[in-house]
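**Student:** got a structure for you, letters missing:
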């Protein structure tokens, strides 16, 4: 009997193949989600303020305020969806939200990407595992599974 894994975002069932073992579940981290959005507020707020100052707008402070409000509203609206996404590492595949599945043998590289983890396949397809608290640990879990190693803890 195969084990059924429920996709928390789309509610799709992703059955594991006969004999396939679940090694790790990679869930999004709430603190990392907030940190990434605060970084966006600072960067885009600064850019908006500089642009308004450069075009001689009498109220350049509106740019950073608008950026903070827009990004804050976006973060609040998408929070439950973003934090509900989970990737699963099995002894054969990497299973992602929305029915995505990548065979471990097809993974060419797993690397940190602006606080997330980017997976690049042999054919050049890219997948992003977002909001990982410890990108290095996520990469190690994927790499170890690909190399047939079992991690402790």
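**Tutor:** Alright, I've got the coordinates. Everything numeric in this text was worked out from a predicted model, so none of it was measured. Residues are numbered from 1 along each chain as shown.
**Student:** isn't residue 59 right up against residue 49?
**Tutor:** No - at 10.1 Å, residue 59 does not count as touching residue 49 under the criterion of Cβ atoms under 8 Å. (C-beta placed from N, C-alpha, C; glycine too.)
**Student:** Among the two, which residue is more densely surrounded?
**Tutor:** residue 49 (19 against 9; other Cβ atoms under 10 Å).
**Student:** So that one: helix, strand or coil?
**Tutor:** Three-state call for residue 49 (DSSP: H, G, I helix; E, B strand; the rest coil): helix.
**Student:** Make residue 1 into 9 and carry on from there
**Tutor:** Got it, first residue is 9 now, which makes that one residue 57.
**Student:** and it, what does it touch?
**Tutor:** Neighbouring residues of residue 57 by Cβ atoms under 8 Å, 6 or more residues apart in numbering: 68-69, 71-72.
**Student:** nearest to residue 92, of those residues?
**Tutor:** Nearest to residue 92, judged by Cβ to Cβ, of the contacts of residue 57 is residue 72 at 30.3 Å.
**Student:** Helices along the chain, start to end?
**Tutor:** Taking DSSP state H as the test, the helices found in the chain are 38-62, 70-92, 143-154.
**Student:** any idea of the mean pLDDT in the first one?
**Tutor:** Per-region confidence: helix 38-62 scores 96 on mean pLDDT.
**Student:** That helix: which residues count as buried?
**Tutor:** 40-41, 44-45, 48-49, 52-53, 56-57, 60 (16 or more other Cβ atoms under 10 Å).
**Student:** The spatially most central residue of the chain - nearest residue in space that isn't next to it in sequence?
**Tutor:** The centre of the chain sits closest to residue 138, judged by Cα atoms, centre = their mean, with a distance of 0.9 Å. Nearest residue to residue 138 in three dimensions, chain neighbours excluded: residue 124, at 4.8 Å (Cβ to Cβ, 6 or more residues apart in numbering).
**Student:** what's the neighbour count on that neighbour?
**Tutor:** Neighbour number of residue 124 under other Cβ under 10 Å is 17.
**Student:** partners of it in the sheet?
**Tutor:** On the basis of DSSP bridges, residue 124 is bridged to residue 121.
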